[in-house]
Structures are given as C-alpha cells and as structure tokens.
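Peer 1: the following comprises the amino acid sequence and a computationally predicted model.
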Amino acid sequence: MAPLLVIDGDSFTHRAYHGVPKTVRREGGRPGNAIVGFANYLTRFHDAEKPRTVFVGWDTLTAPTYRHEALAGYQGGREFDDELLEQLDMMPELVAALGFGWGKGAGYEADDFVASAVTAEEARGGTVVLASGDRDMFQLVSERTTVVFPVKGGEVARIDVAGVRERYGVEPHQVPDFIALRGDPSDRIPGAKGVGAISAASLLGRFGSLEAALDAGRFAAEADDLRLYRRIATMDRTIPLPAMPDRLPDWHGGAALAREWGLDTLADRLAARAA
C-alpha cells in the first residue's frame with residue numbers, strides 16, 4: 001500500500017524562503033520565492049515517495065495557542081519577514097489547488113495537524129512518510145511512520161525507530177519527556193536545571209518516563225514545571241480531519257493557480273507534469 005505523505009508546511013516554507021533567491025517575484029512585484037521553493041519540495045517528495053495522497057499542516061502565526069497561554073515566553077523572540085508571512089498565508093490555497101489536504105486553525109500548530117494525520121493513518125492500517133525539519137516530530141516515529149529529515153547538501157535522512165534511538169538515546173514515545181528534561185531553546189522551553197541531552201536520555205533509560213522519575217523524588221522542586229514542559233512538547237493527536245482518500249495530484253489545477261499568481265516558470269513545470 002502506498003504511504004500517506006504528511007508535510008510540515010511551515011518547516012519547508014521557511015527553508016524555501018531562505019533558500020530561493022528573493023528576486024523570484026510574482027505578479028505586481030510581490031514575493032514568490034517561498035511559494036516556488038515549497039512547490040519544489042512538494043514535487044520532490046511526491047516523486048520520491050509516490051504517496052496515495054498528501055496532507056500538509058500549517059501554523060496560524062497570528063493567534064496564540066494553548067502552549068503560548070500556558071508558558072510565558074513560549075517561542076518568544078521569533079520574528080518573520082512580512083514577505084514570508086504573506087506567502088505563508090497563500091500556501092494552503094496552492095496545496096488545495098493541487099488536490100491535497102491541509103490543516104490550519106487558530107489555537108493549534110502545524111505539529112498538531114501533522115500528529116493527528118499520522119495517528120489517523122496508522123489507525124486505518126496505513127503507513128506514513130512525514131517530511132519535516134523539526135526534531136520534535138521524532139515523537140511520531142513508529143513501525144508505520146518514518147520521518148524524512150533534511151540534512152546538508154539538499155539530502156534527506158530517513159529517521160525510523162532505530163534512528164531516534166541513535167540520535168536521542170530514547171524511544172520515540174519518550175521524546176516529549178526528553179524535551180521537557182533537556183529543554184528546547186528554539187521554543188524557549190527551559191528544561192530541568194543542569195540537565196542536558198546526555199543526562200536526560202540517561203534518566204529516561206533508568207526511570208522509563210519523566211513521571212516515574214518525579215515519583216522517585218527527582219526534581220521535586222521543579223515537578224510542576226516539568227509536567228508543563230512535557231505537555232507543551234507533546235503534540236495533539238486528536239484534531240478531527242477530513243477524509244483523505246487516495247488521489248492523484250491535480251497538476252493542472254496547481255499550474256493554473258501559479259499562472260494566476262504570475263509565477264509562470266512554476267506554472268510551466270507543473271503543467272509539464274500534467275502532460
């Protein structure tokens with residue numbers, strides 16, 4: 001059975017924006033480099049994985065999530081160029097024009113839509129290839145789900161259960177506990193005082209879980225904070241999503257939208273795929 005291809009939309013749009021020259025413009029001189037770059041990622045992943053269909057998860061950057069409300073400073077200090085934000089808002093329309101599913105909603109992150117899509121696909125007995133540059137996604141790895149993770153030189157690494165163990169020294173289901181203990185500077189999650197990656201993995205190897213370590217009397221003064229960090233690091237797998245039946249890409253639809261936006265080179269490439 002062909003896998004479901006799930007893509008962390010924000011992860012690859014950010015990469016595209018910083019990797020494709022900003023001289024790529026659409027109609028009216030508006031920015032187009034992130035759109036073109038993301039489309040390139042999407043077609044490359046589709047060619048490589050030959051999925052039954054595609055689902056893309058997106059952040060809503062204009063509204064806080066429950067994580068921001070629970071932890072002051074969560075993801076603090078992040079600033080994005082207006083031209084990137086403008087293109088991010090357009091991306092779901094491109095995904096829909098290509099005939100693929102997407103999830104975006106106030107109060108949730110792309111991670112939560114991605115996690116819900118992975119969980120639903122596994123529940124129906126399917127397999128998943130998850131494309132993301134976010135190591136937090138390693139918590140979703142299983143015997144049915146593999147993460148495709150970008151590395152240097154445009155290559156990707158395929159992260160399976162053994163790969164998570166190799167990189168973090170923990171099992172995939174322990175990743176939220178690992179993040180809670182070690183912290184995550186990119187999301188401004190502080191972690192336990194004096195605990196780094198090696199000691200976090202060692203603690204989880206000894207106790208099995210953060211909760212078991214707390215029950216044993218470790219980090220008594222920080223217990224409530226660490227439970228909060230774990231909750232923030234744990235993706236929500238319960239968001240209802242529309243059905244995702246097998247579907248071939250609508251390259252014609254994507255080409256038409258790209259041409260409407262004045263991205264003729266991209267439109268020509270998509271139209272060539274349709275032909």
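Peer 2: Right, received. Where do you want to start? Numbers count the residues shown, from 1 in each chain.

Peer 1: what's in contact with stretch 62-75?
Peer 2: Residues outside stretch 62-75 that contact it (CB atoms under 8 Å, 6 or more residues apart in numbering): 106-109, 186-189, 228-229, 231-232. The C-beta positions use only the backbone N, C-alpha and C, and glycine is treated the same way.

Peer 1: of the residues you listed, which pair is most distant in space?
Peer 2: Farthest-apart pair in these is Ala106 and Tyr229; separation 23.2 Å (CB to CB).

Peer 1: who's more crowded, the two?
Peer 2: Tyr229 (28 against 9; other CB atoms under 10 Å).

Peer 1: from what I see, that one and Pro190 are in contact.
Peer 2: Yes: contact status for Tyr229 versus Pro190: in contact at 7.2 Å, counting by CB atoms under 8 Å.

Peer 1: okay, stretch 206-220 in CSV with CA atoms only?
Peer 2: Output in CSV follows, covering the C-alpha atoms of stretch 206-220 (Å, rounded to 0.1, in the frame of the first residue of the first chain):
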residue,chain,number,x,y,z
ARG,A,206,16.8,4.5,34.1
PHE,A,207,13.3,5.5,35.0
GLY,A,208,11.4,5.0,31.8
SER,A,209,9.5,8.2,31.9
LEU,A,210,9.5,11.7,33.4
GLU,A,211,6.6,10.8,35.6
ALA,A,212,8.4,7.8,37.1
ALA,A,213,11.5,10.0,37.8
LEU,A,214,9.3,12.5,39.6
ASP,A,215,7.6,9.7,41.5
ALA,A,216,11.0,8.6,42.6
GLY,A,217,11.7,12.0,44.1
ARG,A,218,13.8,13.5,41.3
PHE,A,219,13.3,17.2,40.6
ALA,A,220,10.8,17.7,43.4
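
Peer 1: before we move on, back to that, what's the overlap in contacts for Tyr229 and Pro190?
Peer 2: With contacts taken as CB under 8 Å, 6+ apart, Tyr229 and Pro190 have Gly183 as neighbours in common.

Peer 1: verify the stated contact: Leu88 with Thr13.
Peer 2: Yes: counting by CB under 8 Å, Leu88 touches Thr13, with 5.7 Å between them.

Peer 1: what residues of stretch 100-116 count as buried?
Peer 2: Neighbour counts over stretch 100-116 (16 or more other CB atoms under 10 Å) mark 100-104, 108-116 as buried.

Peer 1: now do the buried residues in stretch 219-237.
Peer 2: Under 16+ other CB under 10 Å, the buried positions of stretch 219-237 are 219, 222-223, 225-226, 228-230, 232-237.

Peer 1: contact partners of it?
Peer 2: 67, 70-71, 74, 108, 111-112, 114-116, 118-119, 136, 139-140, 175-177, 179-181, 183-184, 187, 189-193, 210-211, 213-214.

Peer 1: for the residues you listed, which ChimeraX command selects only the ones that are buried?
Peer 2: Here is the ChimeraX command that selects the buried residues among the contacts of stretch 219-237 (16+ other CB under 10 Å):
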select :67,71,74,108,111,112,114,115,116,118,119,136,139,140,175,176,177,179,180,181,183,184,187,189,191,192,210,213,214
